[in-house]
Every structure is written in C-alpha cells, then in structure tokens.
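Trainee: Provided below for reference: sequence and predicted model.
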Amino acid sequence: MEFIQPAALAYADKYTSEQYMLLQEIAEQTTATHPQAHMLSGHVQGKFLEIISTLVRPRRILEIGTFTGYSTLCLAKGLREDGLLHTIEVRETEAMAAQNFFKLSVWQEKILLHLGNALEIIPGLDETWDLVFIDADKVNYIEYYKMVLPRLRSGGIILADNVLFHGQVLCEPVKGKNAKAMHAFNEFIKQDESVEKVLLTVRDGLLLIQKK
C-alpha cells in the first residue's frame, strides 16, 4: 500500500536543498549495488535529519541502524566541536561500506561505528544522548526506546523511522510482523506521558519524540 503519490515525492525532492557530493555517491552506489536500496534514508528525509541535528547541536548522537551510512552523515552535520556519533550496524557488509564512506567525510574522527547486536551494544555505551535515530529491526523498536530514553537528556530528541511502514499500519486489521510491530510502537509512544511526540508523513513516516 503506497499512500504518498510518487508525484508528491518528486515535488518534495525538487524543492529540497541539494545533497552534497558524498551523499550523492552513497545514494547512487547503494541504488546500483544493494538489493534493499529502498532502506536508504534518501534526499528529503536526509535533509530533514540534517536540519534537526543542526538545530539540536548535539554532543552525543546515537544511531541504531547504519545501513550504508547516508543518514549517519546527515546527522553528523550538526555535531558540536567536541561531539561524537555512535552508530550501530548488525550486518558486516553494510558496516564496511559505511565505514569506507565515513573515511571520505570531514566527520570521520567523530563517527564511531559499532558492529553487532544493538540490544547488546547499547547498554555498554556510557553516554547521555542529545539525539537518537532508530532505524533498525522493527520488532525491537520498543526495546530500543526503553533502553535509550533513560539516557536521553531532558529536551533531547528521538527520531524513529518507518512508523507508517509502507502504509500497512493504516490497514484494519494490521497484518504482517513488521507492520504490527510498528503499530505497537506507535501506540506505546502515544501512551508515554514523559515525552511530546508528533508523527510526520515524511517518506515512510517519522515519529519525532522529545523528552520533557
């Protein structure tokens, strides 16, 4: 179920600031070589992530789900001078591809790539987060959220991707493991009174969450 018209997506792309050369290279190479290239954040969402990061001016960013590094470099744009970005990827092939792109960026010394299971890695990161981006396996979104929220500073931001899951969360009843997981996550956040939240229809849906 595609609920955003391709013409609307193309129009948004047309009126969004251009992506810089390295991001174009990541997008082109991923599209040409990866069978799941649709997982790339892409131009419009990437610019949104970049602007949010520059507004927050984070010292510490956590990204759960690196893929080939496009969103990582968008988030890195807002890092403070002493900032660090921790990004976690479970698949070695994608992690290696991302790391190669990071080496070409001005933020290579500020990006720490962790290879492995995020559920095991996150507890070992002794940080207070300013900005968190969740874009990993959908069935664990609630667990990731529970892990990071206590370490998120007051006023800090969590961004969760794919919360509309190709429009499948709109179906009655919701079907499919991932769609059910995303619907459950959305319901969980709705009930959490410790945060403010807004669900945005950007690309496949972004839930912007701010800790009170």
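Mentor: The structure has been received and is ready for your questions.
Trainee: mind listing the strands in the chain by residue range?
Mentor: Here the chain has its strands, by DSSP state E, at 60-64, 84-89, 111-115, 129-134, 152-161, 195-200, 206-211.
Trainee: List the neighbouring strands of the fourth one plus their orientation.
Mentor: Okay, so that is strand 129-134. strand 60-64 (parallel), strand 152-161 (parallel) (DSSP bridges).
Trainee: Output these as TSV; include the columns mean neighbour count and mean pLDDT.
Mentor: (Glycine included, C-beta is placed from N, CA and C.) What follows is those, written out as TSV (neighbours: other C-beta atoms under 10 Å; pLDDT from 0 to 100):
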stretch	mean neighbour count	mean pLDDT
strand 60-64	27	98
strand 152-161	20	98
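Trainee: Output the below-cut-off pLDDT ranges for the protein.
Mentor: Scanning the chain for pLDDT under 70 picks out 1-3.
Trainee: Can you show me the helices along it?
Mentor: 6-14, 21-33, 42-56, 70-76, 92-102, 118-121, 141-148, 177-191 (DSSP state H).
Trainee: Can you tell me which of those is nearest to residue 63?
Mentor: helix 70-76 (5.7 Å; C-beta to C-beta).
Trainee: same for that closest one, what does it pack against?
Mentor: Here helix 70-76 touches helix 21-33, helix 42-56, strand 60-64, strand 84-89, helix 92-102, strand 129-134, going by 3 or more C-beta pairs under 8 Å, 6 or more residues apart in numbering; DSSP states H and E.
Trainee: Would you mind finding the most buried of the ones you listed?
Mentor: Of all the helices and strands packed on helix 70-76, strand 60-64 has the most neighbours on average by mean count of other C-beta atoms under 10 Å, namely a mean of 27.
Trainee: so what's residue 162 closest to, chain neighbours aside?
Mentor: Nearest non-adjacent residue to residue 162, counting by C-beta to C-beta, 6 or more residues apart in numbering: residue 204, 4.8 Å away.
Trainee: measure the nearest residue to residue 177 once chain neighbours are set aside to residue 34 for me?
Mentor: Leaving aside its sequence neighbours, residue 177 sits nearest to residue 139 (C-beta to C-beta, 6+ apart; 6.5 Å). Between residue 139 and residue 34 the computed distance is 22 Å (C-beta to C-beta, to the nearest Å).
Trainee: again, but for residue 19
Mentor: Counting by C-beta to C-beta, the gap from residue 19 to residue 34 is 18 Å.
Trainee: Comparing these two, which residue is more hemmed in?
Mentor: Remark: of residue 19 and residue 34, residue 19 carries more neighbours, 21 against 16, as counted by other C-beta atoms under 10 Å.
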